[in-house]
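Asks: Prediction below, plus the sequence it came from.
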Amino acid sequence: GAAIASIVLFALGGLFVARGGMGFELTSAVDPSGPSNPLRSTSVASGGAWLNNYAAHPWMLVAPVLGFVGAALALVGIRAKSEPAAFAGSTLSAAGIIATVGLSMFPFILPSSIDAHSSLTVWNASSSES
């Protein structure tokens, strides 16, 4: 039931992101210690760009793997009537799926569907030290 649906929907979501033209890229230089000003950064819509972080940082692949492995463990736990295995698997799967979204989109926090340049990133949405 739900574990199989999670696996299928997560896989379909990944294919959609890879082939469906979704994604954003920063086109301006990033100064993490510079002033927080959304007008100082530029970004563009770029198909498949959400997957660029995985090529740049292969350790991030742990997140989608946890999403799949956790759902499979939940399925095994459900079929074996093992509540601890089902709980552990569903917990790992949820954590992996949520982490996949965050790691894929980084540094974007809130991409703009109207204007890519108006997207909020970790750097331009944070407050200054004072």
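Replies: Happy to help now that I have it.

Asks: could you give the mean pLDDT of the longest helix along the chain?
Replies: Longest helix in the chain, counting residues (DSSP state H): helix 83-105. For helix 83-105, mean pLDDT rounds to 93.

Asks: again with stretch 56-64
Replies: Mean pLDDT, stretch 56-64: 93.

Asks: can you give me the end-to-end distance of that stretch?
Replies: 15 Å (CA to CA, to the nearest Å).

Asks: just to revisit the earlier point, in the longest helix of the chain, which residues are buried?
Replies: Neighbour-count burial for helix 83-105 flags 85-86, 89-90, 92-94, 96-97, 99-100, 103-105 (criterion: 16 or more other CB atoms under 10 Å). Backbone N, C-alpha and C define where each C-beta goes, glycine included.

Asks: Also stretch 4-13?
Replies: Applying 16+ other CB under 10 Å to stretch 4-13 flags S6, I7, F10, G13 as buried.

Asks: quick one: contacts of that stretch?
Replies: With contact meaning CB atoms under 8 Å, 6 or more residues apart in numbering, stretch 4-13 is reached by P64, G67, F68, A71, A72, A74, L75, S93, I97, T100.

Asks: Cross those against helices and list the overlap.
Replies: Using DSSP H, the contacts of stretch 4-13 in helices are P64, G67, F68, A71, A72, A74, L75, S93, I97, T100.

Asks: just those now: which is nearest E25?
Replies: Proximity of the ones in helices among the contacts of stretch 4-13 to E25 (CB to CB) peaks at T100, which lies at 18.4 Å.

Asks: Now for that closest one: which residues touch it?
Replies: F10, A63, P64, G67.

Asks: Pull the most distant pair out of those.
Replies: Spatially, the most separated pair among the contacts of T100 is F10 and A63, at 11.0 Å (CB to CB).

Asks: circling back to that earlier point, please identify which two of the contacts of stretch 4-13 are farthest apart in space.
Replies: Spatial extent of the contacts of stretch 4-13 (CB to CB) is set by the pair L75 and T100 at 18.6 Å.

Asks: just the strands in this structure please.
Replies: With DSSP state E as the criterion, the chain has strands at 24-26, 43-45, 108-110, 120-121.

Asks: Let me know which of these is tucked in deepest.
Replies: strand 120-121 (a mean of 20; mean count of other CB atoms under 10 Å).
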